[in-house]
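Chemist: One predicted model, sequence on top.
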Amino acid sequence: MPELPEVESTRRYLEPVLVGARISNVEVRRDRMVRRQENPADFGARLGDRRVLALERIGKFMLARLEGDITWVTHLGMSGRLQVADSGRAEDPHTNVVVELKNGPQIRFVDPRTFGFMVAYTPAELEQSSLAGLGRDALDDLPRSPELAQMLERRSAPIKALLLDQRLIAGLGNIYADEVLHRAAISPLRPGGSLSLDEVKSLRASIRPILRAGLAAGGTSLNDLAYLLPDGRAGGYLARLEVYGRTGEICRRCGTSIEAVVLRGRTTHWCPGCQL
DNA sequence: ACCTCCCTGGCC
DNA sequence: GGCCAGGGAGGT
């Protein structure tokens, strides 16, 4: 599932392909994919014939900066992936958007469940969009422990829910939030405000190593293979997961059976033996 | 601060 | 044939 490591793996793969390239043509096969565009026709019109200047990422959002102050935003949702493919190659099912590069390959947005989207923003629109409300990036701009402690202060919501709140820290999703809490040995059910400063430090110290490990593996491709790298390879972090998807299996740290609870509608995996 | 909805393939 | 996966937006 695309969270920060998957989006960043995708971004790193695409960067040399996209930066400097000129977009020649855009085909939107499913209008729903550009639902964030106020006027759907703007999407193709704003991308067309523009060069890509830079490829950035904030949290789970990928941002291509184009000539003329246009920002082409991609969110992979939960089943989206970007492919680099030559125009002659047969399209995979659920190829919902195709962006052609001049004298280059196509960027194909494959997304069966269509929770992902693409949108082309002007600077004013970008300012008004939900990206403006994103918190600091969990990998590149992680707040220091005192600031993190301040964010959690007096919060009664479970720490797991707060880690998923993109307005606080941007980039963690369900898999890596569970993995971070396991590494920090903190129960996902603990109210955010109940963490001691030492626990906040432990939590903070767990975030980047988990994300970097996921990134080094090319992300997490689950057995459904919904997420794949742009060249079709699977990310290898699945085998390294300590709690996510391991309900009933044995915690490698303490031997206790991993449990799952539903928290805010999200399945949360944790070890009741060593996460306190 | 919480709940509901969106969407589809895969699995029981 | 029904349920599950879940990020983000919108509503109460």
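Modeler: Looks like it arrived, so ask away.
Chemist: so which helix or strand takes in the residue lying closest to residue A:108 once chain neighbours are set aside?
Modeler: Closest residue to residue A:108 apart from its sequence neighbours, by Cβ to Cβ, 6 or more residues apart in numbering: residue A:83 at 4.3 Å. Every residue, glycine included, has its C-beta placed from N, CA and C. Counting by DSSP states H and E, the element that carries residue A:83 is strand A:81-85.
Chemist: what does the helix or strand following that strand contact?
Modeler: Using DSSP H and E, the helix or strand that follows strand A:81-85 in sequence is strand A:95-101. Residues external to strand A:95-101 that are found in contact with it (Cβ atoms under 8 Å, 6 or more residues apart in numbering): A:17-18, A:21-30, A:32-34, A:47, A:83, A:87, A:91, A:106-111, A:114, A:118.
Chemist: neighbours of the residue lying closest to residue A:190 once chain neighbours are set aside, just the number please.
Modeler: Excluding the flanking residues, the one nearest residue A:190 by Cβ to Cβ, 6+ apart is residue A:159, at 5.1 Å. Residue A:159 has 26 neighbours, counted by other Cβ atoms under 10 Å.
Chemist: if I pick residue A:64, what's in contact with it?
Modeler: Counting by Cβ under 8 Å, 6+ apart, the residues that residue A:64 touches are A:18, A:52, A:54-56, A:71-74.
Chemist: okay, it: pLDDT?
Modeler: Looking at residue A:64, its pLDDT stands at 97.
Chemist: what's the closest non-adjacent residue to it?
Modeler: Excluding the flanking residues, the one nearest residue A:64 by Cβ to Cβ, 6+ apart is residue A:72, at 4.1 Å.
Chemist: what do you get for residue A:44?
Modeler: Nearest to residue A:44 is residue A:26, by Cβ to Cβ, 6+ apart, at 3.8 Å.
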